[in-house]
Structures are given as C-alpha cells and as structure tokens.
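Q: need the 3D shape of this:
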Amino acid sequence: MTFEIINPEAFGARPSGWNHGMLGPKGGRMLFVAGQIVPVGDFVTQWDGALARVMEVVRAAGGRPENIGRMVVYLTDRPAYLASLTPLGEVHRKHMGRHYPAMAVVEVKSLVDSKALVEIEAVAIL
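A: Below you'll find the model as predicted:
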C-alpha cells in the first residue's frame, strides 16, 4: 500500500520530517489509533514509548509504518520538543523508517495522565 505524497508547489520548499498531505488508495480500510501514552521517563523516552504503542496497534491490524497517513502529537512542553529534535528524529526512524506522514504537533496545557508529557494518535489506511 502506497500513499501519494501531496506537497503543493505553492507552499514553497518541501517539508522535512513530515508531509502536507497523504492520499490513500481507493478502497483502503481506515484504522483510527487512539492517543497512546507511556507516562514514564523523560520527554524522548515517552515519545519513543507512545510511538511504539501506535505501531503495535497498526501491526495488530496487519499494517506497517507506511500505512500511517496522519499522526497528531500532543505535548505539554514545547521547549523540550524543540530541544529534542535530533533524538526525536532518531526515534521516528527507529519506528517509521523514512516514512513521514502528514503530522500535527500541538502543545497542550496537560494530558489526562498528569505524568504524561506526550500523547500520539494516528490514522492508517490498510
């Protein structure tokens, strides 16, 4: 299963580490992955654990990283995110390889579990 990457030329330079749009194939089944958290450890450790849980759900449905078309990451500490971009890139490649879905990163005041720093949800097409 392959997505068609959509990055309009009108937007200028191609994004790095994500894409503006991912067009799935006709007839694909959609998998909605609930927000995943691992409220233990530092910011990068929690991101790693949350993304691992997302991938576990995708694999349980018969998918692979390339099936993920969209991810939303909720985080409670934007400065920690910005300071961790290099190790977060390594975590991404560990779980997703060089597949970069459409993605939003949203800073929130808090998450339901007060120890959680990161929550990741996803949509995949299988």
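Q: so where do the strands sit in the chain?
A: Applying DSSP state E to the chain gives strands spanning 4-6, 21-23, 30-36, 68-75, 102-107, 118-125.
Q: from these, which stretch is densest packed?
A: strand 118-125 (a mean of 24; mean count of other CB atoms under 10 Å). Every residue, glycine included, has its C-beta placed from N, CA and C.
Q: remind me, longest helix of this structure?
A: As assigned by DSSP state H, the longest helix anywhere in the chain is helix 43-60.
Q: list the helices and strands that helix packs on?
A: Packing partners of helix 43-60 (3 or more CB pairs under 8 Å, 6 or more residues apart in numbering; DSSP states H and E): strand 30-36, strand 68-75, helix 85-96, strand 118-125.
Q: pipe those into JSON lines and attach distance to Phe43 per row.
A: Listed next are the helices and strands packed on helix 43-60 as JSON lines, based on distance: least, CB to CB, whole Å:
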{"stretch": "strand 30-36", "distance to Phe43": "15"}
{"stretch": "strand 68-75", "distance to Phe43": "8"}
{"stretch": "helix 85-96", "distance to Phe43": "9"}
{"stretch": "strand 118-125", "distance to Phe43": "7"}
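Q: now distance to Trp47 and mean pLDDT too, for these, in JSON lines please.
A: Compiled in JSON lines, those are given as follows (distance: least, CB to CB, whole Å; pLDDT from 0 to 100):
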{"stretch": "strand 30-36", "distance to Trp47": "11", "mean pLDDT": "90"}
{"stretch": "strand 68-75", "distance to Trp47": "8", "mean pLDDT": "96"}
{"stretch": "helix 85-96", "distance to Trp47": "6", "mean pLDDT": "97"}
{"stretch": "strand 118-125", "distance to Trp47": "5", "mean pLDDT": "96"}
